[in-house]
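Peer 1: Test case, fold it:
(one chain, ligands or ions: 1)
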Amino acid sequence: MSSDSHAVDAAREAIDKRVGAPPRLVLPEKFEFSSSWRRAQVAPHEVGPSRDAAHFDVVLGYEDGDDLGDHHRVLFAIENGALRAECSCKAWTYRDWCAHVALLYWKWRALNEIGVTNLDTDETHHSRPYWLFVPAEGEEEPL
Ligand SMILES: [Zn+2]
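Peer 2: Residues are numbered from 1 along each chain as shown. Now for the predicted structure:
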């Protein structure tokens, strides 16, 4: 039993109470050129683990300022074989993509700085497991 198991249970419980599964992350077409992606890489930020294993506490500023922006609690976890992401900010609500999720994705995939919890196995993945497919918009999962 890992010391994180309680947090994983709490996360799974919170997700189970939802109507419908948490959304699967689909990367927007040409996301590497999006302003969210750029902001994620250049703006000042703080990322910390949340009170459960599925969420991160994210504070992200802007490219041209030292101020840190609003705090967002961002879902970023693996469940049912897919990467799930969700943010409370307006950009996410309208576009299903935002700088906060971009920041977590970048820190995970490019920098290996954060671990993503697999809620089905309690494992923490510091890089993308070979079986995990993160689709880009319009892309079909390979068979
Ligand atoms: Zn956001």
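Peer 1: starting at the chain centroid, how far to the top strand by length along the chain?
Peer 2: When the chain is parsed with DSSP state E, its longest strand is strand 71-79. How far strand 71-79 lies from its chain's middle: 5 Å, per CA atoms, centre = their mean, to the nearest Å.
Peer 1: can you list contacts of the helix or strand following it?
Peer 2: Counting by DSSP states H and E, the next helix or strand C-terminal to strand 71-79 is strand 82-86. The contact list for strand 82-86 (CB atoms under 8 Å, 6 or more residues apart in numbering) reads 21-25, 54, 74-78, 92, 101, 104-105, 116, 132-134. Heads up, the C-betas are built off the backbone N, CA and C, glycines and all.
Peer 1: again, 6 Å this time
Peer 2: Pro22, Pro23, Arg24, Leu25, Leu75, Phe76, Ala77, Val101, Val134 (CB atoms under 6 Å, 6 or more residues apart in numbering).
Peer 1: could you point out which element follows it?
Peer 2: With DSSP H and E, the next secondary element past strand 82-86 is helix 90-95.
Peer 1: Cheers, nothing more for now.
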